[in-house]
Every structure is written in structure tokens, then in C-alpha cells.
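Visitor: turn this into a structure:
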Amino acid sequence: MKTIEFLSKVLAPEDNYLLWMARSSGATWNENYADINDCIKAIETTDQKEDITVYMAVGAFTDNVHEHAKTKKDYVQRRGHQATYFKCLAADLDVGEREDKYDSQREAVASIIKACRKLKMPQPMVVLSGNGVHVYWPFDKSISAENWERMSLALRAALESQGVKLDVSKISDRTMVLRPVGSHHKKDPDNWKEVRAVNESKPRSPIEYAKVLKEYKFAGPKRTGAGPGRRRTSTVMDALLAGDANVVLADMYKCPQIAALLDSGGATDAAGEIVSEPLW
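Guide: The predicted structure follows:
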């Protein structure tokens, strides 16, 4: 599969295409492209450089170019509230020696295929990302970032119910970036690994996926404590995930953080610390 075919299938065309560049020295930056062909050219050009790895944002972004306060030059942001549309569901399955990873790409692919069969969910597009596996379920039309996040949380719950080992830090993150097909995994400088699709999946209506995931709408992880992969639930969150904008004020005050913001007009948080943009 060529890069143009891949990007056209999984990326929403409504707003900006966004690339995230990571230099081996640790420096990173974002780049915006309004035209998909310009985006592909940037991927191909950057991928040829030994010290830079290119990633694509799964979502489309807007209003994310701002003037830097010190340099006065424009810089590109990639923040969750700037994501607007998505044209696929996506998940990252890691391979490694830890218990939350697979022993091989073959094992990871077998796991996702088995899970989809059990869930009666269409098989995904499978991409070997170098060492790991990326999976995509492309849509035939774009959906809003809000609906995508709700569907992605349900997708996580559905896949975890089948024992699939996911990178939970990415699956519902609007700022998710993954390596595009046609680029390379370069962590071993002497052995670049091409990112390639090994199984295709035709675009389907988002409604088809929503029907499969409906029963997992509120089945997301409800673990206590903080840290990666842990999500606290509340009356407010449950209402928002259900798409209910009519959250009563009494429920809002059940969350100390929101209560503090309401009482101070958004000036301070629950610890009494001053809240700066963009949180307020």
C-alpha cells in the first residue's frame, strides 16, 4: 500500500494534516499541511534523514498555529482541544519483554483478529510499525473529535474484554501520533524497518462500529489512583460521555476541581493555585 492510499483512508480531510517530527537528539516539533500531497512529500523527504523519525497525527487539527511569545515566529501546536475530525479508530499494540506487551508481531496480530471475531467487529487494517503493530478501522466519512473519543473509549473497553494488550495512553488520545505507512522505524540505525500494511480493511460507516461498541459505552476502566492508563469516573464524566450536556450544577460541585473553578470564576484550582491558559 502506498502512502497516499493509506493517508486517504485513515485521515480526515476537513482541516489540517499534522506531522510530528522527532530528532534522535530529543528535539521534537509539529508541522501543518493543508494539502495531502504536500504532507506526503514532507513524509518522504523527512524519512530519508537518518536522525529524524516522522509520525502522523491521526486527527485533523485547526487553529493550532500561533506566534511564539519570545521568537515572534509561528509555531504549530498539537493539543487535544484543537483536534476537530477523525476518519478511523486506531490502536497501538506493542511488542517487548514486559507483561503488558506481546512477544512478537505475529502474536499481536493473532490477538486482534481473534478479538474482532469474538466481538463481531470488522477486521482492521493491520500495519507493521517496525517492532509493534498498529491497527485501523477506517470510516467512510469523518466524525467529530468528541464522538471519536467516546467511540475510542468504548473500543478500549471492548478490546480489553477480550484480553488484547493495548497502549492505553494512545487509544483515546486526540493528539495520538503513529508512524505512517511508507516511513521507517529507525531505533536501530543499522536496521531500518519499513512501516507497511499487511492487511487491508474497507471503509465502513461509523454507525456500523457504534452498534458493535454500544454495549461497551460505559465499560471503560474504573481504576482508582492516578497514573498512565487510569481513568477516574464521575457523574459529570459519565454524563459527558453519554453526550448529555444538561449536567446539573449540583453534580458539577461533586468534583472538587470543578467546584474550585466555578467558585473562583476559573481563576484557581482545588489546591488554590492560579490557573493559567488554556485550562481556564
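Visitor: please enumerate the helices of this structure.
Guide: When assigned using DSSP state H, the helices of the chain occupy the ranges 3-10, 36-47, 105-119, 145-161, 206-213, 235-241, 249-252, 256-264.
Visitor: and the fifth one, which residues are buried?
Guide: When neighbours are counted by 16 or more other C-beta atoms under 10 Å, the buried residues of helix 206-213 are found to be P206, Y209, V212, L213. Placement of C-beta: from N, CA and C, glycine included.
Visitor: any idea of the mean pLDDT in it?
Guide: In this model, helix 206-213 has a mean pLDDT of 92.
Visitor: hang on, the earlier thing: nearest to S169, of the helices of the chain?
Guide: Comparing these against S169 with C-beta to C-beta, the closest turns out to be helix 145-161 (10.8 Å).
Visitor: which strands or helices does that closest one pack on?
Guide: strand 83-93, helix 105-119, helix 206-213 (3 or more C-beta pairs under 8 Å, 6 or more residues apart in numbering; DSSP states H and E).
Visitor: okay, now the unreliable bits of the chain?
Guide: Residue ranges of the chain with pLDDT under 70: 218-254, 256-257, 259-280.
Visitor: pick out the residue closest to the middle of it.
Guide: Nearest to the mean C-alpha position of the chain, counting by C-alpha atoms, centre = their mean, stands M176 at 3.1 Å.
Visitor: quick check: it vs M56, distance?
Guide: Applying C-beta to C-beta, to the nearest Å, the value for M176 to M56 is 10 Å.
Visitor: kindly report the same for D188.
Guide: Remark: distance between D188 and M56 (C-beta to C-beta) = 22 Å.
Visitor: which one of these two has more residues nearby?
Guide: Comparing D188 with M56 by neighbour count (other C-beta atoms under 10 Å), the higher total belongs to M56, at 23 against 10.
Visitor: out of the helices of the chain, deepest packed?
Guide: Looking across the helices of the chain with neighbours counted as mean count of other C-beta atoms under 10 Å, the highest average goes to helix 145-161: a mean of 21.
Visitor: quick one: that helix to chain centroid distance?
Guide: Using C-alpha atoms, centre = their mean, to the nearest Å, the distance from the centre of helix 145-161 to the centre of the chain it belongs to is 11 Å.
Visitor: what does that helix contact?
Guide: Contacts of helix 145-161 with the rest of the structure, by C-beta atoms under 8 Å, 6 or more residues apart in numbering, involve 59, 80, 83-86, 89, 91, 112, 115, 119, 121, 143, 166, 168, 171-172, 174, 206, 209-210, 212-214, 216-217, 219-221, 241, 243.
Visitor: of those, grab the buried ones for ChimeraX.
Guide: A single ChimeraX command is used to select the members of those judged buried by 16+ other C-beta under 10 Å:
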select :59,83,84,85,86,89,91,112,115,119,121,143,166,168,171,172,174,206,209,212,213,216,217,220,241
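Visitor: the helices and strands packed on helix 145-161: which one's closest to K2?
Guide: Taking C-beta to C-beta as the measure, these were each checked against K2, and strand 83-93 came out nearest at 17.2 Å.
Visitor: list the contacts of P206.
Guide: For P206, the residues meeting the contact criterion (C-beta under 8 Å, 6+ apart) are F139, D140, K141, I143, N147, M151.
Visitor: from those, pick the one nearest K202.
Guide: Using C-beta to C-beta, the shortest approach to K202 within the contacts of P206 belongs to D140, at 8.5 Å.
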